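Asks: pasting the structure only:
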């Protein structure tokens with residue numbers, strides 16, 4: 001008799017410490033609470049940093065410390081719940097590698113191409129969203145506050161802005177929104193609903209209507225990729241390409257005056273229509289490529305792992321009958 005050790009999971013699961021916590025809708029709302037607590041913790045730490053650093057230094061480097069702290073309470077809570085559940089309950093691996101019929105390299109390439117295509121394809125709905133929301137004077141004032149906050153997040157040196165927005169954000173937000181929330185919802189409801197609800201969650205935690213619509217659309221795309229591959233690496237790549245491109249463009253002098261301008265504003269209508277159609281075709285072609293990946297479980301390509309006390313009985317070879 002050979003016992004399955006939960007500790008062996010860390011050999012193939014990058015996030016084994018959270019694998020046995022599988023939250024549903026209630027747990028998703030709980031994460032919002034933990035996220036708000038993390039934001040409060042980050043605000044306190046930022047205030048403390050202000051006592052020892054100049055205001056400009058806090059703007060330039062403070063988010064390197066503050067941003068990860070927003071996720072700390074949620075990560076500690078999930079780890080504690082996972083330790084409690086791992087003895088008797090099954091778990092589900094956060095990061096999987098179901099890429100067949102593609103290799104990982106080709107899957108990443110398709111993901112990168114899809115992300116750039118989506119950035120153009122989502123430009124028009126985001127433009128309409130901006131035009132609609134700014135018709136309200138209240139929302140216009142809120143937008144001024146939002147842009148000021150974003151300047152503080154990305155107003156420092158390129159390396160620090162890139163670290164927070166393009167490295168930290170994909171790692172921590174994908175852990176939360178796909179690794180914890182979507183993974184849990186996939187085991188408790190139909191996949192389509194799970195992807196939509198998790199995308200809404202992703203939009204809500206951005207806490208503003210201008211990023212929220214784009215986050216929802218990208219969340220749908222990342223949710224489908226995660227359902228098909230179970231790979232947090234691929235969703236992090238999407239997140240990295242999207243955020244990294246924005247940070248780099250915002251730090252190029254020629255584009256600084258275009259931060260609030262959409263492509264539909266700067267490309268003539270005929271060329272815009274052609275490019276828009278091409279980007280949509282590429283986007284759907286990439287999604288079709290992921291649709292070819294066979295789903296092995298009702299909850300998607302996410303590997304199920306047994307509780308720590310589950311044992312596997314090895315059958316003894318049949319005895320040779322005596323002559």
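Replies: That came through fine. These numbers come from a predicted model, not from an experiment. Numbering: from 1, shown residues only.
Asks: which regions of the stretch 201-323 of the chain sit below the pLDDT cut-off?
Replies: Residues of the stretch 201-323 of the chain meeting the criterion pLDDT under 70: 253-260, 309-323.
Asks: can you map out the helices along it?
Replies: 209-229, 232-250, 263-266, 269-291 (DSSP state H, counting those that start in this stretch).
Asks: Of these, which stretch is the most buried?
Replies: helix 209-229 (a mean of 22; mean count of other CB atoms under 10 Å). Quick note: C-beta positions are derived from backbone N, CA and C, even for glycine.
Asks: helices or strands next to that one in the packing?
Replies: For helix 209-229, the packing partners by 3 or more CB pairs under 8 Å, 6 or more residues apart in numbering; DSSP states H and E come out as helix 104-121, helix 123-133, helix 137-154, helix 191-204, helix 232-250, helix 269-291.
Asks: wait, which of the helices of the stretch 201-323 of the chain is closest to residue 202?
Replies: Residue 202 lies closest, by CB to CB, to one member of the helices of the stretch 201-323 of the chain: helix 209-229, at 3.8 Å.
Asks: and the angle for that closest one with helix 123-133?
Replies: 150 degrees (axes from the mean of the first three to the mean of the last three CA atoms, to 10 degrees).
Asks: for helix 209-229, the distance to its chain's centre please.
Replies: From the chain centre to the centre of helix 209-229 is a distance of 8 Å (CA atoms, centre = their mean, to the nearest Å).
Asks: That helix to helix 137-154, inter-axis angle?
Replies: Using the same axes, to 10 degrees, helix 209-229 lies at 60 degrees relative to helix 137-154.
Asks: Output the helices of the stretch 201-323 of the chain in TSV; the columns should cover distance to residue 45.
Replies: As requested, the helices of the stretch 201-323 of the chain are exported to TSV (distance: least, CB to CB, whole Å):
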stretch	distance to residue 45
helix 209-229	23
helix 232-250	23
helix 263-266	38
helix 269-291	40
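Asks: Which among those is found nearest to residue 134?
Replies: Of those, nearest to residue 134 by CB to CB is helix 209-229, at 9.1 Å.
Asks: and residue 189, what element?
Replies: According to DSSP states H and E, residue 189 maps onto no helix or strand at all.
Asks: how much space between it and residue 195?
Replies: Remark: distance between residue 189 and residue 195 (CB to CB, to the nearest Å) = 10 Å.
Asks: Ok, residue 127 next?
Replies: 25 Å.
Asks: now residue 67
Replies: Relative to residue 195, and taking CB to CB, residue 67 is found at 26 Å.
Asks: of these two, who's got more company?
Replies: Using other CB atoms under 10 Å as the criterion, residue 67 and residue 195 rank with residue 195 on top: 25 against 18.
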